[in-house]
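Novice: no sequence for this one, just the structure:
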């Protein structure tokens, strides 16, 4: 790891003292002294006054050492790798660390998307402040979803134990999509088919739409068309939603009626997007926004 004399073609005036080199590496002179003492990263030159000087080319050496250390390698192991940098051992270690970093990056992207979606929901909820009418018409862009059919969970013939098992499988499916980076969060948007809603059987065409990120999931994909949407804010507690049979779906039909009362013609599916974070209490208000495209 040591660069001898001016064999690297860099004029002596362009070498860096330990302070400047440490600053460029985002480290300390103490760290450089320790690396030097164990023969891991030696100065390229020793000046006449005894000062250690480093070549700019050694920045790559330092970042390789730093990357290996952050990936879990000890300094002793790193020295062994770098003593024979052309050997297969270093290449194998680098490949394994690269795979780990890719997994960590995927996990960070999932967290980032979740936070971005949460901020978006919070801003959407705040945008309803001061809306005394409780409804609005907005332009929405096209949006792609991964869609999971939830209709079977509402089938009356399902026994309680079957429904519990299906709910657990449903959650497992959603978590798998999150872990693979194909969806950004489990809480999301629900879609109710317009025809089923008009016939009074919305539970037969009820779907969870997860924000679609990338990849092939094996699940149906649904695109919410761009256009003008009639929206109203829904604010209820879980307790109120479960108070009587049909309470969960009643607001969807009310949305269509309200849109028509204001002179709009609803077309397509009805969507319900969760805006607030559920804190676990069935008596706490949960805010969602209901949307339907209008002609």
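Specialist: Nice, thanks for sending it over. Here the structure is a predicted model, which means the values were calculated and not measured.

Novice: what does stretch 195-206 rub up against?
Specialist: With contact meaning Cβ atoms under 8 Å, 6 or more residues apart in numbering, stretch 195-206 is reached by 149-151, 154, 190-193, 249, 252-253, 256, 270. Yep, even glycine has a C-beta here, placed from its N, CA and C like the rest.

Novice: Between the two ends of that stretch, what distance do you get?
Specialist: 11 Å (Cα to Cα, to the nearest Å).

Novice: Give me the local confidence score for the residue of the chain most remote from its centre.
Specialist: Going by Cα atoms, centre = their mean, the residue of the chain most distant from its centre is residue 48, 54.4 Å out. On the pLDDT scale, residue 48 is placed at 83.

Novice: What residues sit buried inside the host helix or strand of residue 77?
Specialist: Take DSSP states H and E as the rule and residue 77 turns out to sit in helix 75-83. By neighbour count on 16 or more other Cβ atoms under 10 Å, the buried set for helix 75-83 is 78, 79, 81, 82.

Novice: Using PyMOL, define a selection of the buried residues within the contacts of stretch 195-206.
Specialist: In PyMOL syntax, the buried subset of these is picked out as below (16+ other Cβ under 10 Å):
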select buried, resi 150+151+190+191+192+193+249+252+253+256+270
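
Novice: For the contacts of stretch 195-206, work out which two are farthest apart.
Specialist: For the contacts of stretch 195-206, the maximum inter-member distance is 21.8 Å, found between 149 and 256 (Cβ to Cβ).

Novice: Look at the spatially closest residue to residue 287 that is not a sequence neighbour and tell me its secondary structure.
Specialist: Nearest residue to residue 287 in three dimensions, chain neighbours excluded: residue 276, at 4.1 Å (Cβ to Cβ, 6 or more residues apart in numbering). Using DSSP: H, G, I helix; E, B strand; the rest coil, the structure places residue 276 in coil.

Novice: State the number of residues packed around residue 276.
Specialist: 15 (other Cβ atoms under 10 Å).

Novice: Can you identify the element that follows the lowest-mean-pLDDT helix or strand in the chain toward the C-terminus?
Specialist: Between all helices and strands in the chain, the lowest mean by mean pLDDT, DSSP states H and E belongs to helix 160-179, at a mean of 62. Past helix 160-179, further along toward the C-terminus, the next helix or strand under DSSP H and E is strand 189-192.

Novice: So what touches that next one?
Specialist: Strand 189-192 has contacts (Cβ under 8 Å, 6+ apart) with 145, 147, 150, 202, 205-209, 211, 222, 224, 249, 252, 269-274.

Novice: quick revisit: mind checking how far the helix holding residue 77 is from the chain centre?
Specialist: The chain centre lies 36 Å from the centre of helix 75-83; the measure is Cα atoms, centre = their mean, to the nearest Å.

Novice: Show me where the stretch 151-295 of the chain dips below the pLDDT cut-off.
Specialist: Counting by pLDDT under 70, the stretch 151-295 of the chain has low-confidence residues at 155-187, 212-218, 242-246, 278-283.

Novice: That concludes my questions; thank you for your assistance.
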